[in-house]
Structures are given as C-alpha cells and as structure tokens.
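Visitor: sequence-free structure coming up:
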Ligand SMILES: NC(=O)c1ccc[n+]([C@@H]2O[C@H](COP(=O)([O-])OP(=O)(O)OC[C@H]3O[C@@H](n4cnc5c(N)ncnc54)[C@H](OP(=O)(O)O)[C@@H]3O)[C@@H](O)[C@H]2O)c1
C-alpha cells in the first residue's frame, strides 16, 4: 500500500454529544480525516483535556453558546502535526504542539484528528509527556492569569485555594509555590497529603469551619482567595476568609456538579452584592483566556518551559482512552480524583 493509499484508509474517530444527558450520550463516530484549510494544520491528537465545563454542557443545552447536537466537547489538546494547510511554513510535520480549540468555535478536542489555526498552537519541546502538557493549556493558563494578572500576587502574600486538589487548584498551588506565597488549600481529607506536598496547609472543607480555621492560622484572614467552586454560600465563605482589602478571585462554578445550573445566577448575584459592601475587599473575575492571543501564546510557551525545566509537574488524575470518554465523565461526576482527567489516543 502506498503512503497516500494508507492515509486514505485511515479514519478519524470523534466523540460526539448525541443528546443532552448522562455520560452515555457520548458516542463515537467514524469519519474521513479533516483537511486543514489555509493557515491551519491537522493535528493527530495524543491527549485531550476533560473539564467540569464539559460536564455542564453535556448535561444541558440551556447554556449560552451550546451548539446544536451532535457536537464535540474538549477545549485543550496536545498532538503531533500531521498535515500542513496552505501557507503554513512555521510548523513541521511530526512536531508536537499544544493548544486550545477556542478559535474553531465550541469544543472539538475529543477526537483523534483536528484542524486548528497555527495562531492557537505552540510547539511542545521534545521529551514532554503529552498528558502533562495538556494540563498546562487551560488549567495552568487559568491559574497563571488568576494569580498574576487578576490578583497580581506579591511574594510573601497569603492565599487560600478552594478546590485545591482539583485541576485548577493543583495548578494554583504549583504556581503559588514558585511565586513564594504562603498557601492554604481546601480539599477532602484523602487529598490532604497532595495539598501538603505543594507546601500548602490543607483544610478539610467537609468537616472544618474554613473561615474559623483560616483566621486561627493567619490572624485576620488571607490576602487572596481563589474560588473555582462558586455558589452563594461558597462565595460568602471565601469572602469572609479575606482580611480587609483582600481580593476574592472567582473563575468557575464547580458547584454546578451538585447544585445544577441554578448555581450560576446565584453566583452572579452574590458577586454583585459582595461588590456593594464598602469594606475595601475586591471580587474580580479572572478574564477570558481567549481574549489576548499574544498573551496566550507567550504564557503557554513560558509554562511549557517550566515543565521542561521540571519546575512544575501537573497532576494527571487518570489517563483514559478517547473511546472511553463516557467513563472519563463518570470519573468527574463521581469525584474523589486529584488533578486533571486526560483522554489519550492509541497513537
Ligand atoms: N474561567 C476559566 O477560564 C476556567 C478555566 C478552568 C476551569 N474553570 C472552572 O473552574 C472550576 C474548577 O475546575 P477544575 O478543573 O479545577 O475542577 P475539578 O478538577 O473537578 O476540581 C474541583 C475540586 O473542587 C473540590 N470541591 C468541591 N466542592 C468544594 C467545596 N465546597 N469547597 C472546596 N472544594 C470543593 C473537589 O475537591 P475534593 O475532591 O478534594 O473534595 C475537587 O477537587 C470549574 O467550574 C471549571 O469550569 C474555569
């Protein structure tokens, strides 16, 4: 068989949301390989991230921006360049790349092959584990943005990371350690050893009074709280853990896992009300990562360099074959994992 014939016989396998519902609505479709357009490359995906957002969109078609079924979830991928589109000269076939799928619209990452504009891709240095690299794209960029752009932390400041054992939580702890911060992190008891391994003091949010514990540890509260959980009660708790003039950076609604979509309006209303309290505390939202492509590319490259230098080591909760995407969603729904769940292909 010639190389062209061989390529023609290869099919793409893609995970689609067939209707809104439980993990079982994720099904595999077989199709022709996508062809890269001008300024794009085709990437053979090695690792794709699974996130709490994916779960929200799979369950409900009510969220703004949800495409019509069938569609594909997944906003971060790492893979190997497989074909160059017209006009592409700065990437080569065989190079490993990492990137987000925002530029092509909604999701798209749960697939064996994907075409992406080169503006969204950054070269991954040789020798890097694709599953670790894919954790960098959304989780570490989000953590970096929240920590260094939104909160603008200074060495020696104290932080409380809510959901500290999660994908963004572990990213915040690793970056916080590098930034010389005094760190506290909420997690279930079984994740406390992990939280301590980053140099943070773990607090069991299930059994302890978090605000009381923070006050006993710090005196008058922390400088910054990072909250990816959301919901009225949670944000009020995070707010009270701050000292006067502290910053509450919120960037997620992981509480929808248990509380459903109604958590979202309550989160927005709570932040609105907290902003009205004239006590010097601030409640900024970490901005959208996809807004500034130059920042995205530069910071993603810097974070990948930290990975090469072994200054960071993302926690991969589990590597699950792409074709078992439904099982990956079950793992997220069940909870009890630490770090990021990653889909891997057989490549
Ligand atoms: N804005 C952005 O750009 C952006 C980017 C990435 C993520 N996010 C959002 O951020 C949120 C978190 O994402 P993730 O990937 O880090 O989720 P994740 O990996 O599922 O982690 C969430 C963690 O939250 C913990 N948790 C649950 N309820 C808690 C509570 N009441 N107090 C403290 N901890 C609690 C769980 O810890 P235990 O298992 O220890 O109980 C779990 O480890 C999601 O809503 C996601 O969509 C936003």
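Guide: Received it, and whenever you're ready, just let me know what you need. Just so we're clear, the structure is a prediction, and the values are computed from it rather than from any experiment.

Visitor: for the rest of this, base every contact and every neighbour count on C-alpha atoms.
Guide: Will do.

Visitor: where in this structure is the helix or strand with the lowest mean pLDDT?
Guide: Across the helices and strands of the chain, mean pLDDT, DSSP states H and E gives its lowest value to helix 3-9, namely a mean of 67.

Visitor: now what about whichever helix or strand comes after that one, what contacts it?
Guide: Sequence-wise, the next helix or strand downstream of helix 3-9 (DSSP states H and E) is strand 12-17. Contact partners of strand 12-17, identified using CA atoms under 8 Å, 6 or more residues apart in numbering, comprise 25-34, 58, 69-73, 110-113, 322-323, 325.

Visitor: cutoff 6 Å now
Guide: 25-33, 70-72, 110-112 (CA atoms under 6 Å, 6 or more residues apart in numbering).

Visitor: just stretch 48-55 next, same as before
Guide: Contacts for stretch 48-55 (CA under 6 Å, 6+ apart): 76, 77, 109, 341, 342, 343.

Visitor: quick one: distance of it to the chain centre.
Guide: Chain-centre distance of stretch 48-55: 7 Å, with CA atoms, centre = their mean, to the nearest Å.

Visitor: go on, stretch 148-164?
Guide: 17 Å.

Visitor: what about it, how long is it end to end?
Guide: With CA to CA, to the nearest Å as the measure, the first residue of stretch 148-164 is 18 Å from its last.

Visitor: mind listing what's buried in it?
Guide: Within stretch 148-164, the residues that count as buried by 16 or more other CA atoms under 10 Å are 150, 151, 153, 158, 159, 160, 161, 162, 163, 164.

Visitor: and of those residues, the nearest to the ligand?
Guide: Set against the ligand, the nearest of the buried residues of stretch 148-164 by CA to the nearest ligand atom is residue 163 (3.4 Å).

Visitor: show me what residue 15 is bridged to.
Guide: Here residue 15 sits in beta bridges with residue 28, going by DSSP bridges.

Visitor: and it, how many neighbours?
Guide: 26 (other CA atoms under 10 Å).

Visitor: residue 194 too?
Guide: 18.

Visitor: equivalent analysis for residue 112, please.
Guide: 24.

Visitor: helix, strand or coil for the closest residue to it other than its chain neighbours?
Guide: Distance criterion CA to CA, 6 or more residues apart in numbering; nearest residue to residue 112, sequence neighbours excluded, is residue 45 at 5.1 Å. At residue 45 the chain is in strand, as set by DSSP: H, G, I helix; E, B strand; the rest coil.

Visitor: that older thread, inside strands: which ones of the contacts of strand 12-17?
Guide: 26, 27, 28, 29, 30, 31 (DSSP state E).

Visitor: so what's the residue count around the first one?
Guide: For residue 26, the number of neighbouring residues by other CA under 10 Å comes to 26.

Visitor: what do you get for residue 197?
Guide: Residue 197: 12 surrounding residues under other CA under 10 Å.

Visitor: list the beta-bridge partners for residue 184.
Guide: Residue 184 has these beta-bridge partners by DSSP bridges: residue 160, residue 201.

Visitor: ok, it touching residue 204?
Guide: No. Counting by CA atoms under 6 Å, residue 184 stays clear of residue 204, with 10.7 Å between them.

Visitor: where do the helices of this structure begin and end?
Guide: Per DSSP state H, the chain carries helices over the ranges 3-9, 52-59, 130-135, 141-144, 167-178, 192-197, 210-218, 232-240, 256-259, 263-276, 293-308, 325-334.

Visitor: what's the most buried one of these?
Guide: Neighbour counts (mean count of other CA atoms under 10 Å) averaged over each of the helices of the chain peak at helix 130-135, with a mean of 26.

Visitor: can you list the domains in this protein?
Guide: Here the domain parsing of the chain from automatic domain parsing is 3-134+292-299+315-344, 152-276.

Visitor: can you pull the contacts of the most centrally placed residue in the chain?
Guide: Central residue of the chain (CA atoms, centre = their mean): residue 139, 3.3 Å from the mean position. Contact analysis of residue 139 by CA under 6 Å, 6+ apart lists residue 168.
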